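**Q** After the sequence you'll find the predicted model.
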Amino acid sequence: MRLLFDRRVVALLRIALGALFLAAALPKLQDPAAFAKSVANYHLLPEMAGRILALVLPPLELLIGVFLILGIFDAGASAIAFSLMVIFTLAVGSALARGLDISCGCFETEGGSKVGMKKIVENLLFVAAAWIVARGDRSWLSLGAKRARRVATAAMITLVSIGTAQLAPAEQSATPKTVPSAKPPATKRAMPPMQVPPVEGPIRPFLWMIERGAQPPAFLFGTIHLPDPRVLQIPPVVDEAFRGSDVFVSEIPLTEETNKAIAAESIRSGTETLAMILPPDVRERADKFLQRQGFTLAEFAPLEIYTFAIQLPLLEYVRNPSPPMDGLLHSRAVTAGKTTKALETAAEQLAVFESLSREEQIELLTVTLDDLGDSPAGTPAPKIEELVQAYLSGDPAKLDADLFGPMRNGSALQKRLLHNLLDERNVRLATRMDAGLREDANKSVFYAVGAGHMIGDEGIVGRLQKKGWKIRRLTPADVAAVKQALAAEPAGAGSR
């Protein structure tokens, strides 16, 4: 079953299904009157409804075929293709049950295959193929896949929420929110690669192992939702745990559909631009900062204010896109054929920001501009750099101070956001992890969640320990211990 959902298999089925719909559409478009007669032969619709269907169906099949072959709008196209194949199969079955001796009208408007069990079996195979395409990863060999890196970088950087909430929130890195059309704004000058400072001291990953006795171990990996080249070097102990796992679980579904949904949420409805709705002093500050970075405010014109605030400290990552850590791990999981799951939806993460009033969003933008100060172009923003160094150090206290300190000591709005983005979500994430650990009791599970959620008694690790799970933090030297845990034969009692 896993092989059927391999992205290469899905791609071949998608293209074949698209060719099938093209082959079905072209004869009908050439002779619509004959196709209308084929529809009437089924005696399922009133005359007028049958004529309308005969006019609408062929161009719909043509569009579905084109979209599936090219890999654009493929989520909707594959869903419609599946629905149509089910309807076609039911129609053929109905004609067979009523004893009608007619042509199915599938690929020829006159003559052609007769309705019968052979046609039903054939259609059922097409239904199965359409279902696999609709449910699978359709990004390979698609036009959408060629844009995936930038879309993913854009969508994820928007969901950096906890990671940069004090700068102007957004959460997780696997697909960031972006500027219009989910791409970084175009600039007239070529931008050099991002310059990053060296790592300060040894790197210790935020990695924990849940020892489950008779069951395979599970792993909690605290990520940082940024595509910074220094954090994309996965430590050997993390790599060993990841490669040995059966299930990969991220915060949100790291799919193209999620990227598109986040990108769509980035755009405001109506005709007002950012320049029109921002107070003059805030607009002037934002414009000056963007000019220093090689952008203009007009390039961000249709964005929601909170999305714009999220983007500002992360411009260097959008301009020099790489797959963020979560996205990189997800891609590796898909390639390796692992089961992939998610703990939340993008809508759940973004709901906090979308509920903010315009005045509150402007306050967040102002805080962001205060933190950015005179940040030079070509390097990560100062607060982002502090966050990266704290993450690489593996020091929970330092990460907590850099990540959440400003919000704990900030305005009432910042404290409320911290509660909603951290405390409430920790409860939700830990609860869903607890259920997932039970559900996948016979599989090794690798959870990749923002490191800020792991810290303290009220973090995910502390909450899972309170639920009875036996958890210990791993060190870079624990590669052999991870191998041994993954290779151990099931034995003994559980750890709960």
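**A** Good, I have the coordinates.

**Q** Run through the protein and note the low-pLDDT ranges.
**A** Scanning the chain for pLDDT under 70 picks out 1-2, 109-112, 139, 142-201, 318-321, 374-380, 489-496.

**Q** Show me it divided up by domain.
**A** 3-138, 147-487 (automatic domain parsing).

**Q** distance between the first one and the chain's centre?
**A** In this case it means domain 3-138. Centroid separation for domain 3-138 versus its chain: 30 Å, with Cα atoms, centre = their mean, to the nearest Å.

**Q** now the domains of the chain as CSV including mean neighbour count?
**A** Every residue, glycine included, has its C-beta placed from N, CA and C. Listed next are these as CSV, based on neighbours: other Cβ atoms under 10 Å:
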stretch, mean neighbour count
domain 3-138, 18
domain 147-487, 20
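
**Q** same for the helix or strand where residue 384 lies, what does it pack against?
**A** Assigned by DSSP states H and E, residue 384 falls within helix 382-393. Secondary-structure packing of helix 382-393 (3 or more Cβ pairs under 8 Å, 6 or more residues apart in numbering; DSSP states H and E): helix 161-164, helix 358-372, helix 396-408.

**Q** Output the ones you listed as CSV; include the columns distance to residue 14.
**A** Below are these laid out as CSV (distance: least, Cβ to Cβ, whole Å):
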stretch, distance to residue 14
helix 161-164, 33
helix 358-372, 39
helix 396-408, 41
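
**Q** Out of the ones you listed, which is closest to residue 432?
**A** helix 161-164 (16.6 Å; Cβ to Cβ).

**Q** From residue 59, how far off is residue 33?
**A** 16 Å (Cβ to Cβ, to the nearest Å).

**Q** Which residue ranges of this protein form strands?
**A** 207-211, 218-223, 247-250, 339-342, 445-450, 470-473 (DSSP state E).

**Q** So which of the ones you listed is nearest residue 487?
**A** strand 207-211 (13.7 Å).

**Q** which neighbours does that closest one have in its sheet, and in what orientation?
**A** strand 218-223 (antiparallel), strand 470-473 (antiparallel) (DSSP bridges).

**Q** Out of those, the one nearest residue 387 is which?
**A** Here strand 218-223 is closest among those (Cβ to Cβ), at 12.3 Å.

**Q** ok, back up a step: okay, the strands of the chain in a markdown table with distance to residue 387 next?
**A** A markdown table is the format used below for these (distance: least, Cβ to Cβ, whole Å):
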| stretch | distance to residue 387 |
| --- | --- |
| strand 207-211 | 18 |
| strand 218-223 | 12 |
| strand 247-250 | 20 |
| strand 339-342 | 24 |
| strand 445-450 | 11 |
| strand 470-473 | 20 |
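
**Q** To residue 129, which of these lies closest?
**A** strand 339-342 (21.3 Å).

**Q** show me the contacts for residue 366.
**A** residue 282 (Cβ atoms under 8 Å, 6 or more residues apart in numbering).

**Q** how near is it to residue 352?
**A** 18 Å.

**Q** With residue 127 instead?
**A** Taken as Cβ to Cβ, the span from residue 127 to residue 352 is 40 Å.

**Q** Could you double-check that residue 256 lies in contact with residue 138?
**A** Yes. Taking Cβ atoms under 8 Å as the definition, residue 256 is a contact partner of residue 138 at 7.4 Å.

**Q** hang on, isn't residue 338 packed against residue 243?
**A** No. Under the criterion of Cβ under 8 Å, residue 338 makes no contact with residue 243, lying 9.5 Å away.

**Q** any idea how far residue 236 is from residue 222?
**A** 17 Å.

**Q** same check, this time on residue 108
**A** The value you get for residue 108 to residue 222, if Cβ to Cβ is used, is 60 Å.

**Q** Likewise for residue 3?
**A** Residue 3 is 32 Å from residue 222, by Cβ to Cβ.

**Q** Please apply the same query to residue 414.
**A** Noted for residue 414: a distance of 22 Å to residue 222, by Cβ to Cβ.

**Q** just residue 281 next, same as before
**A** Counting by Cβ to Cβ, the gap from residue 281 to residue 222 is 38 Å.

**Q** Who are the contact partners of residue 218?
**A** Neighbours of residue 218 in contact, by Cβ under 8 Å, 6+ apart: 209-210, 212, 245, 437, 440, 444-447.

**Q** typo on my end, it should be residue 442
**A** With contacts defined as Cβ under 8 Å, 6+ apart, residue 442 is in contact with 215-216.

**Q** what do you get for residue 333?
**A** Neighbours of residue 333 in contact, by Cβ under 8 Å, 6+ apart: 242, 248, 340, 446.

**Q** got CSV for these, with distance to residue 77 too?
**A** Putting the contacts of residue 333 into CSV (distance: Cβ to Cβ, whole Å) gives the following:
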residue, distance to residue 77
242, 33
248, 27
340, 22
446, 32
